[in-house]
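Trainee: return a 3D structure for these sequence lines:
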Amino acid sequence: MKKYYHQHKDQILRRLKIIEGHLRKVREMVEDDKYCIDIINQSLAVQNALKEVDALLLEDHLSSCIPKAIPGINKKKQQELLKLYRASRK
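Mentor: Numbers count the residues shown, from 1 in each chain. I've put the predicted structure just below:
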């Protein structure tokens, strides 16, 4: 079995567990008819946390898969791609 996200796997799993807890809280807030703005703020926090997971996955992809697929790509170019991705999410 190939390991695609070996560098950050523990960190990704930890973040996903935290996100799962936050998402459960959002559902509970809706069930309890909490204030809409509070729910939206929690939902936005979940979305931002998922984007961070995406960034970690992409970072691992850039460091493990891309060098094999694009011969000659260097670390600087990998970092440029990651920086561009992070900037595009804002």
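
Trainee: and for the residue nearest to residue 18 when sequence neighbours are not counted, the neighbour number?
Mentor: By the measure of Cβ to Cβ, 6 or more residues apart in numbering, the closest residue to residue 18 outside its immediate chain neighbours is residue 49, 6.9 Å from it. Any C-beta I mention is one placed from the backbone N, CA and C, and that applies to glycine too. The number of residues packed near residue 49 is 16, by other Cβ atoms under 10 Å.

Trainee: for residue 49, give me its contacts.
Mentor: 15, 18, 19, 22 (Cβ atoms under 8 Å, 6 or more residues apart in numbering).

Trainee: what's the spacing between residue 9 and residue 28?
Mentor: 29 Å (Cβ to Cβ, to the nearest Å).

Trainee: and the helices in the chain?
Mentor: 9-31, 36-64, 66-69, 75-88 (DSSP state H).

Trainee: least confident of those helices, on average?
Mentor: Of all these, the minimum mean pLDDT falls on helix 66-69 (a mean of 72).

Trainee: for that one, packing partners?
Mentor: helix 75-88 (3 or more Cβ pairs under 8 Å, 6 or more residues apart in numbering; DSSP states H and E).
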